[in-house]
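A.B. asks: Okay, here's the prediction I keep looking at, along with the sequence it came from:
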Amino acid sequence: GCPTIVLNSHSCPHKVRIMNRLHVYGRVLGYRRSHHNQQPQWSLLELDGVKSKEEARWYLGKRVAYIYRAAKAKKSVAKTDKVGAEKAKLKDHSRVRVMWGKICHTHGNSGVVRAQFKKNLPPKSFGGPCRVFLYPHRK
């Protein structure tokens, strides 16, 4: 099922606080590959707390974000309305970029999943963190 993190509150030890985080952290392992060939359109991801194929099936269809910092800053995209345009003038340039993908298949028996991104992940992402968002929800 859906992972829920339960922690004791430091201010009130007798109360239990539930964290409402909408993502699970994962790690990019590399491309799907055979002995001689690799398939860069498929990225293998290892998700925190997922250790079996049955647990990994829950994440099929979920969105994945690989967040990284680029060398050069870029303007943030503003909305077309007046309020959005005014806010864009006030914002600084950002070096943060996101590559979006989707989990499509499980891979093996140990909870690894295969994901396809809009653009293939670069090899520099191998071993790096990614976020798997807990939506859209399949029934």
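C.D. replies: All right, it came through fine.

A.B. asks: Show me where the chain has its helices.
C.D. replies: In the chain, the helices defined using DSSP state H lie at 53-57, 82-90.

A.B. asks: Now the weakest link among the ones you listed, please, by mean pLDDT.
C.D. replies: Among the helices of the chain, helix 82-90 carries the lowest mean pLDDT, at a mean of 56.

A.B. asks: which other helices and strands contact the biggest strand by length in the chain?
C.D. replies: Secondary structure of the chain per DSSP state E: the longest strand is strand 94-107. If you count contacts as 3 or more CB pairs under 8 Å, 6 or more residues apart in numbering; DSSP states H and E, strand 94-107 packs onto strand 38-47, helix 53-57, strand 63-74, strand 112-117. Backbone N, C-alpha and C define where each C-beta goes, glycine included.

A.B. asks: How much space separates Val24 from Glu46?
C.D. replies: Val24 sits 11 Å away from Glu46, going by CB to CB, to the nearest Å.

A.B. asks: what's stretch 120-139 in contact with?
C.D. replies: With contacts defined as CB atoms under 8 Å, 6 or more residues apart in numbering, stretch 120-139 is touched by 2-3, 22-30, 40-41, 43, 45, 47, 59-68, 99, 101, 103.

A.B. asks: C-alpha coordinates for it, PDB please?
C.D. replies: In PDB, the C-alpha atoms belonging to stretch 120-139 read as follows (Å, rounded to 0.1, in the frame of the first residue of the first chain):
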ATOM      1  CA  ASN A 120      16.700  10.000 -21.700                       C
ATOM      2  CA  LEU A 121      18.500  10.600 -18.400                       C
ATOM      3  CA  PRO A 122      22.200  11.500 -18.800                       C
ATOM      4  CA  PRO A 123      24.800   9.100 -17.500                       C
ATOM      5  CA  LYS A 124      25.800  11.700 -14.900                       C
ATOM      6  CA  SER A 125      22.500  10.900 -13.200                       C
ATOM      7  CA  PHE A 126      23.600   7.400 -12.300                       C
ATOM      8  CA  GLY A 127      23.700   7.000  -8.500                       C
ATOM      9  CA  GLY A 128      21.800  10.300  -8.100                       C
ATOM     10  CA  PRO A 129      18.600  10.900  -6.200                       C
ATOM     11  CA  CYS A 130      15.100  11.100  -7.800                       C
ATOM     12  CA  ARG A 131      11.600  11.600  -6.400                       C
ATOM     13  CA  VAL A 132       8.700   9.300  -7.100                       C
ATOM     14  CA  PHE A 133       5.400  11.100  -6.600                       C
ATOM     15  CA  LEU A 134       2.500   9.200  -5.200                       C
ATOM     16  CA  TYR A 135       0.100  10.200  -8.000                       C
ATOM     17  CA  PRO A 136      -1.700   9.400 -10.200                       C
ATOM     18  CA  HIS A 137      -3.300   6.600  -8.200                       C
ATOM     19  CA  ARG A 138      -4.300   3.400 -10.000                       C
ATOM     20  CA  LYS A 139      -7.300   1.500  -8.600                       C
END
